[in-house]
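K.L.:
build me a model from this:
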Amino acid sequence: MKKTSWRWAICSLLFMATTVNYLDRQVLSLTWKDFIAPEFHWSNSDYGAIAATFSLFYAFISLFAGKFIDWVGTKRGYLIAIFIWSIGACLHAGCGWLTMHFHGLESVEALRAVEGGSVLALAISSTSVWLFMVCRMVLAIGESGNFPAAIKVTTEYFPKKDRALATSIFNAGSSVGALVAPLSVPFLARAYGWEWAFIIIGGLGFLWMGFWWKMYDRPDESPHVNAAELEYINQDDESSAEAKDPSSAAEASGISLGQCFRLRQTWAYICGKFFTDGVWWFLLFWAPAYFSDQYGYRSDSAMGATLLFVVYLIITVVSIVAGGLLPKYFMVRRGMEPYAGRLRAMLMFAFLPVCALLAQPLGAYSAWWPAIFIGLAGAGHQSWSANLYNTIGDMFPKSAVATITGIGTMTGGIISFIVNWGAGLLFDYCAAKGAAFQFLGFEGKEGGYMIVFCYCAVAYLFAWLCMKTLVPRFRPVTI
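P.N.:
Purely as a prediction, here's the structure:
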């Protein structure tokens, strides 16, 4: 019997959900500098605080999001998650209207006309920042469910040797979302107003919900998965044993958060997320402002959009090819067991972000060099991230995968909060100091960016050493 390929249709749904997820995240980063800040008199610190609030709340909710997905199941859990984050995305559009009416102003022109630095300007800035923070919190509640659900589905539908490729494909949705965003969001904002950019992009999640409801079922319950494909999915000895032994699944589902934190495998995953997620979120939230600040290319200009497109095109292509195929090469061609093969590949990926060190020095010659090297650093992260997620499926029972993913996402959110909040404060401080602040030959805000790029360069190598120290060899979790 020829096996069906429904698992790849499910993978395409995960890809689309992750694309929408990152489109919704990117709307603010692509509109704040050139569209929103002039209305609300925001500084870099204001935007940094909003981005950091999202990261912190995302981190807190993620601790429980994975457990929630394990409890309600992937079908209902994913529907609930994307419904909430789509609502949160659309709510951003109301922040301007509420701010105007709260301060008795009748138009956007009146907002812009307020004298910068005045008491009213500070009040408008404070009110709008708090409103955007609330919207980002709602967005974070929903988005925290995406990766725990997606990783759990990947574990359900793919054998270990294929999970890195499947995860690289759906995880590339984050790059594609960031790729499509600069080609659409700034131009929607310019044509219809930044409010409609949030509404139009936010509405895509509601369309996805219909496809998920019709197409997804567990592989052993899906009418689209035949016996041959189901046998292929369950080819791993551990997976087959768990599928045939309900008592083992029940036992695994009893892993509490307290038990999780007592396991070295959990801490290895936590280290892999904590030291690296801040790099990705910095690149995601600050790249548009970087090209605007350093080179004068607005996000709605042809050059600004093209630079961002190149960044995320490099990330998308390299991460799918390298992140998915290199681990499979080590496992299939070299005969390495999955965990060892992934760690070998992750060590190679950990060297790609070192390219970030070249962004500032070569940026003096052309803005294309930072675009290329930032893209390579981001590709290193996405390749690393796809395989890091799959170390969970290698070591933990299927029924605990979403819980462990949520714990890691929480720790990644914490470092992202620190990086985004700190970056906003750092850039304002460096800009205020001007030539009085210097770092490795760069002065002012350029020196601030160089500091962050140095952190990006070493984060993955340090994380890999921590993981290798905690779990040097494959050790499955037994309860």
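
K.L.:
show me where the stretch 101-250 of the chain has helices.
P.N.:
Taking DSSP state H, counting those that start in this stretch, the helices of the stretch 101-250 of the chain run over residues 108-113, 119-143, 146-157, 160-192, 194-202, 204-215, 227-233, 237-244, 246-253.

K.L.:
Ser144 contacts Ser55, doesn't it?
P.N.:
No - look at Ser144 against Ser55 with Cβ atoms under 8 Å: they stay out of range, at 10.9 Å. For glycine as for every other residue, the C-beta is placed from the backbone atoms N, C-alpha and C.

K.L.:
residues shared between the contacts of the two?
P.N.:
The overlap between the contact sets of Ser144 and Ser55 (Cβ atoms under 8 Å, 6 or more residues apart in numbering) consists of Gly413.

K.L.:
so which of the two has more stuff around it?
P.N.:
Neighbours of Ser144 and Ser55, each counted by other Cβ atoms under 10 Å, are more numerous for Ser144; the result is 29 against 26.

K.L.:
so what's that one up against?
P.N.:
Ser144 neighbours (Cβ under 8 Å, 6+ apart): Tyr58, Ile61, Ser62, Ala65, Ala81, Gly406, Thr409, Gly413.

K.L.:
report the buried residues of the strand or helix carrying the fourth one.
P.N.:
Taking DSSP states H and E as the criterion, Ala65 maps to helix 44-72. Of all the residues in helix 44-72, those buried under the rule 16 or more other Cβ atoms under 10 Å are 44-70.

K.L.:
for stretch 93-109, same thing?
P.N.:
Neighbour-count burial for stretch 93-109, counted by 16+ other Cβ under 10 Å, picks out Ala93, Cys95, Gly96, Thr99, Met100, Leu105, Val108.

K.L.:
with respect to Gly205, which of these is nearest?
P.N.:
Ala93 (14.6 Å; Cβ to Cβ).

K.L.:
which residues touch that closest one?
P.N.:
Taking Cβ under 8 Å, 6+ apart, we find Ala93 in contact with Glu195, Trp196, Phe198, Ile199.

K.L.:
gap between the helix or strand hosting Ala89 and the chain center?
P.N.:
Here Ala89, judged by DSSP H and E, is contained in helix 74-91. Put simply, helix 74-91 sits 16 Å off its chain's centre (Cα atoms, centre = their mean, to the nearest Å).

K.L.:
elements contacting it?
P.N.:
If you count contacts as 3 or more Cβ pairs under 8 Å, 6 or more residues apart in numbering; DSSP states H and E, helix 74-91 packs onto helix 6-31, helix 44-72, helix 119-143, helix 146-157, helix 194-202, helix 204-215.

K.L.:
what packs against the third one?
P.N.:
If I follow you right, that is helix 119-143. helix 6-31, helix 37-40, helix 44-72, helix 74-91, helix 95-102.

K.L.:
list the buried residues of the shortest one.
P.N.:
Using 16+ other Cβ under 10 Å as the burial criterion, the residues of helix 37-40 that qualify are Ala37, Glu39, Phe40.

K.L.:
mind putting those into CSV with pLDDT?
P.N.:
CSV is the format used below for the buried residues of helix 37-40 (pLDDT from 0 to 100):
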residue, pLDDT
Ala37, 89
Glu39, 89
Phe40, 91
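
K.L.:
nearest to Ala463, of those?
P.N.:
Ala37 (33.7 Å).

K.L.:
where's the closest one relative to Gly104, distance?
P.N.:
Per Cβ to Cβ, to the nearest Å, Ala37 is found 21 Å from Gly104.

K.L.:
how many neighbours does Gly116 have?
P.N.:
10.

K.L.:
one more: the one 10 residues further on?
P.N.:
Using other Cβ under 10 Å, Ser126 has 14 neighbouring residues.

K.L.:
could you do the one 10 residues further on as well?
P.N.:
Under the neighbour criterion other Cβ under 10 Å, Arg136 is assigned a count of 26.

K.L.:
I'd guessed it sits against Ser55; true?
P.N.:
No - checked against Cβ under 8 Å, the pair Arg136 and Ser55 is beyond contact range at 9.1 Å.

K.L.:
circling back to that earlier point, gap between the helix holding Ala65 and the chain center?
P.N.:
11 Å.

K.L.:
which of the helices and strands packed on helix 119-143 has the lowest average pLDDT?
P.N.:
When those are ranked by mean pLDDT, helix 44-72 comes last with a mean of 85.

K.L.:
tell me what angle that helix forms with helix 146-157.
P.N.:
Angle, helix 44-72 to helix 146-157, by axes from the mean of the first three to the mean of the last three Cα atoms, to 10 degrees: 40 degrees.

K.L.:
tell me the helix or strand right after the lowest-mean-pLDDT helix or strand in the chain.
P.N.:
Least confident helix or strand, the chain: helix 246-253 with a mean of 41, by mean pLDDT, DSSP states H and E. Downstream of helix 246-253, the next assigned helix or strand under DSSP H and E is helix 257-260.

K.L.:
quick check: buried residues in that following helix?
P.N.:
Buried residues in helix 257-260 (16+ other Cβ under 10 Å): Cys260.

K.L.:
helices and strands around that helix, which ones?
P.N.:
Helices and strands touching helix 257-260, by 3+ Cβ pairs under 8 Å, 6+ apart, are helix 401-433.

K.L.:
could you point out which element follows the helix it packs on?
P.N.:
Where DSSP H and E defines the elements, the next helix or strand beyond helix 401-433 is strand 438-439.

K.L.:
and that next one, average pLDDT?
P.N.:
The average pLDDT within strand 438-439 is 92.

K.L.:
just checking: what are the partner strands of whatever helix or strand comes next after that strand?
P.N.:
Once strand 438-439 ends, the next helix or strand along the chain (criterion: DSSP H and E) is strand 442-443. The strands that strand 442-443 pairs with in its sheet are strand 438-439 (antiparallel) (by DSSP bridges).

K.L.:
distance between the strand it pairs with and the chain's centre?
P.N.:
Computed by Cα atoms, centre = their mean, the chain-centroid distance of strand 438-439 equals 30 Å.

K.L.:
contacts made by that strand with the rest, please.
P.N.:
Residues from elsewhere that reach strand 438-439 (Cβ under 8 Å, 6+ apart): Gly447, Gly448, Met450, Ile451.

K.L.:
in the helix holding Ala89, which residues are buried?
P.N.:
Buried positions in helix 74-91, judged by neighbour count with 16+ other Cβ under 10 Å: 74-75, 77-82, 84-91.

K.L.:
closest one to Trp281 out of these, please.
P.N.:
Ranked by distance to Trp281 (Cβ to Cβ), the buried residues of helix 74-91 are led by Trp85 at 16.1 Å.

K.L.:
distance of the closest one from Gly272?
P.N.:
Applying Cβ to Cβ, the value for Trp85 to Gly272 is 25 Å.

K.L.:
do the same with Pro370
P.N.:
According to Cβ to Cβ, Pro370 and Gly272 sit 26 Å apart.

K.L.:
now Lys33
P.N.:
Look at Lys33 and Gly272: by Cβ to Cβ, they are 32 Å apart.

K.L.:
between those two, which one's more packed in?
P.N.:
A count of neighbours by other Cβ under 10 Å puts Gly272 above the other of Lys33 and Gly272, at 26 against 21.

K.L.:
now that one. Nearest residue, chain neighbours left out?
P.N.:
Once flanking residues are discounted, Gly272 sits nearest to Leu388: 4.6 Å by Cβ to Cβ, 6 or more residues apart in numbering.
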